[in-house]
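Trainee: What follows is a predicted protein model with its sequence.
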Amino acid sequence: MDKCWGESRMIEHIALFKFKPTTSIAERQRLIAHLRQLPEMVEGIVKLAIRRDILGTDDSFDLGLFVTLADRTGLRQYGASQQRQAVSTYARRLCDQVVLFDYELDETE
């Protein structure tokens, strides 16, 4: 538990995916389909959004996953979920790089 904020704030989990050049369109679509199924398989997801990069530069990531979770307990449960871990393993096989970022939403968000 965070000594300053406690457990009650909602959490935003962001995952950015940079695909390998050899990753096919079908593999990318399969990953997106798996990601979209996560709310049905993992308890505690309040909202999930998937966005594709529009610039396509060398510095850009190809895909972004944005997951809102009820609180830090939900984040821990999400992280420990076998379904999420299976999707993560699949994604890492398709990607050169995956970056994760988690933060607390303030009360106005």
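Mentor: Ah, there it is.
Trainee: residues making contact with the helix ranked longest in the chain?
Mentor: The longest helix of the chain (DSSP state H) is helix 25-41. For helix 25-41, contacts defined as CB atoms under 8 Å, 6 or more residues apart in numbering pick out 17, 19, 45, 48, 50, 62-63, 65, 67, 81, 83-84, 87, 90-91, 94. In short, each C-beta sits where N, CA and C put it, glycine included.
Trainee: any idea which helix or strand carries residue 78?
Mentor: helix 72-80 (DSSP states H and E).
Trainee: Next, the angle from that helix to helix 25-41.
Mentor: Going by axes from the mean of the first three to the mean of the last three CA atoms, to 10 degrees, helix 72-80 is angled at 140 degrees with respect to helix 25-41.
Trainee: Can you name the residues in contact with helix 72-80?
Mentor: With CB under 8 Å, 6+ apart as the criterion, helix 72-80 contacts 1-2, 7, 9, 11, 13, 42-46, 67, 69, 84, 102.
Trainee: partners of the helix or strand just after the longest helix of the chain, with directions?
Mentor: Once helix 25-41 ends, the next helix or strand along the chain (criterion: DSSP H and E) is strand 45-52. Strand 45-52 pairs in its sheet with strand 63-69 (antiparallel), by DSSP bridges.
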